[in-house]
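Undergrad: Here's a sequence, model it:
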Amino acid sequence: MADAVRIRGLVKDFGPRRVLAGLDLDVEPGEFVALLGRSGCGKSTLLRILAGLDTDVEGTFSVPERVSVAFQQPRLLPWRRVWRNISLGLRGVDGNGRAVAEKALAEVRLADHADAWPLTLSGGEAQRVSLARALVREPDLLLLDEPFGALDALTRLAMHHLVEQLWREHRPAVLFVTHDVDEALLLADRVVVLDEGRIVAEHRVDLPRPRRRASFADLRSQVLSNLGVDDVEAA
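TA: Purely as a prediction, here's the structure:
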């Protein structure tokens with residue numbers, strides 16, 4: 001089976017600054033990969049390129065035809081009700097856009113919010129709508145760019161469980177950008193560490209799900225070391 005993502009020698013410059021420096025990466029169909037690294041290492045830039053939002057690059061990459069993105073900010077249109085935000089741009093629904101949107105909302109536990117206005121939603125609710133909008137397109141590749149970064153701790157935990165459940169049901173390949181090592185190890189099959197536009201470490205997370213933080217303490221220490229953080233600093 002062909003890889004869902006195949007990247008070879010990807011280079012991206014912003015003026016004199018090289019953000020991606022010959023990056024190579026493969027992601028298998030259905031694989032959940034987390035991208036970790038310090039700010040400015042190229043994580044979000046990579047997702048923008050794969051989403052087709054940045055085309056000024058060198059190197060080669062391939063992605064499936066169906067790609068969806070969920071960003072840190074939900075980016076909902078405030079003048080459209082929730083269900084219309086989800087169905088916006090959907091093809092082949094033949095007038096059933098509301099029914100399709102309502103089904104997606106039920107999956108993210110917001111079945112009664114179809115007619116709500118985006119500005120009436122909490123941060124967690126808005127992010128769940130954003131996730132429903134991404135998944136309603138049945139993507140083969142789901143790009144998650146720090147989708148929980150603006151959420152409070154309890155809402156973030158609930159979103160972890162929800163994303164894992166939806167990934168199990170839909171089985172897209174996932175590339176998940178985060179700064180949170182524990183978050184990456186809770187969710188991902190593989191953790192990839194970037195530094196100065198290159199992959200400097202990879203870790204396979206061969207642990208049963210659902211995971212507990214105590215089960216990956218040693219792996220967490222390894223990843224933190226890759227990021228230049230020792231146990232004293234992380235405590």
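Undergrad: Please count neighbours and contacts with C-alpha atoms only from this point.
TA: Noted.
Undergrad: can you pull the contacts of the most centrally placed residue in the chain?
TA: Central residue of the chain (Cα atoms, centre = their mean): Leu144, 1.6 Å from the mean position. By Cα atoms under 8 Å, 6 or more residues apart in numbering, the contact list for Leu144 reads 69-71, 174-177.
Undergrad: from the residues you listed, which two are the most distant?
TA: Phe71 and Val174 (13.3 Å; Cα to Cα).
Undergrad: More neighbours: which of those two?
TA: Val174 (28 against 20; other Cα atoms under 10 Å).
Undergrad: how about whichever helix in the chain runs longest: buried residues?
TA: Looking across the chain with DSSP state H, the single longest helix is helix 153-170. Residues of helix 153-170 classed as buried: 156, 159, 162, 164, 166-167 (neighbour count, 16 or more other Cα atoms under 10 Å).
Undergrad: Kindly report the same for stretch 42-53.
TA: Buried residues in stretch 42-53, counted by 16+ other Cα under 10 Å: 42-51.
Undergrad: just stretch 187-200 next, same as before
TA: Of all the residues in stretch 187-200, those buried under the rule 16+ other Cα under 10 Å are 187-199.
Undergrad: who are the neighbours in contact with Leu90?
TA: Neighbouring residues of Leu90 by Cα under 8 Å, 6+ apart: 97, 137.
Undergrad: Swap in 10 Å and give it another go.
TA: By Cα atoms under 10 Å, 6 or more residues apart in numbering, Leu90 lies in contact with 97, 100-101, 133, 136-137.
Undergrad: do Arg156 as well
TA: By Cα under 10 Å, 6+ apart, the neighbours of Arg156 are 124, 147-150, 162, 183.
Undergrad: Write the PyMOL selection for whichever of those are buried.
TA: Only the buried entries of the contacts of Arg156 go into this PyMOL selection, using 16+ other Cα under 10 Å:
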select buried, resi 124+147+148+162+183
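Undergrad: which residues of the chain fall in helices?
TA: For the chain, helices defined by DSSP H occupy the ranges 43-50, 82-87, 97-107, 123-135, 153-170, 181-187, 217-226, 231-234.
Undergrad: Including mean pLDDT, could those go into TSV?
TA: Below are these laid out as TSV (pLDDT from 0 to 100):
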stretch	mean pLDDT
helix 43-50	94
helix 82-87	93
helix 97-107	91
helix 123-135	92
helix 153-170	90
helix 181-187	94
helix 217-226	91
helix 231-234	48
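Undergrad: could I get the ones you listed as CSV with distance to Val27?
TA: Shown next, in CSV, are the helices of the chain (distance: least, Cα to Cα, whole Å):
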stretch, distance to Val27
helix 43-50, 12
helix 82-87, 27
helix 97-107, 25
helix 123-135, 19
helix 153-170, 15
helix 181-187, 15
helix 217-226, 19
helix 231-234, 29
